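A.B. asks: requesting a structural model of the entry that follows:
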Amino acid sequence: MDLIEKVKKFISYWYIRYLLATELYMVETWERIVIHIVFGILFGLFWFFNYYITISAISRLRGNHGIIPS
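C.D. replies: The predicted model follows:
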């Protein structure tokens, strides 16, 4: 049980630091949720771009078949 408490404390510490760094501690709960959704969508778009477009383009430039079959 001590390990679980340490993990909770660790996650809580970094979540508070995240809120302080992004200044989300000052906004209301619904605003924080909207901003987290926007961050999630942006992260997903960056992942999609890097995984599908960038890596495929580099693979084709190098002469490999690429990740996505054409």
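A.B. asks: which residue of this protein lies farthest from its centroid?
C.D. replies: residue 63 (30.8 Å; CA atoms, centre = their mean).
A.B. asks: what about the nearest residue to residue 24 once chain neighbours are set aside, neighbour count?
C.D. replies: Closest residue to residue 24 apart from its sequence neighbours, by CB to CB, 6 or more residues apart in numbering: residue 32 at 5.2 Å. For the C-beta atoms, the positions are set from N, CA and C on the backbone; glycine is no exception. By other CB atoms under 10 Å, the residues close to residue 32 number 15.
A.B. asks: ok, residue 31 next?
C.D. replies: 11.
A.B. asks: what about it, which helix or strand?
C.D. replies: helix 29-48 (DSSP states H and E).
A.B. asks: just how off-centre is that helix within its chain?
C.D. replies: Offset of helix 29-48 from its chain centre (CA atoms, centre = their mean, to the nearest Å): 8 Å.
A.B. asks: so which residues make contact with it?
C.D. replies: Where contact means CB atoms under 8 Å, 6 or more residues apart in numbering, the residues beyond helix 29-48 that reach it are 22, 24, 27.
A.B. asks: point out where this protein drops to low pLDDT.
C.D. replies: Scanning the chain for pLDDT under 70 picks out the ranges 64-70.
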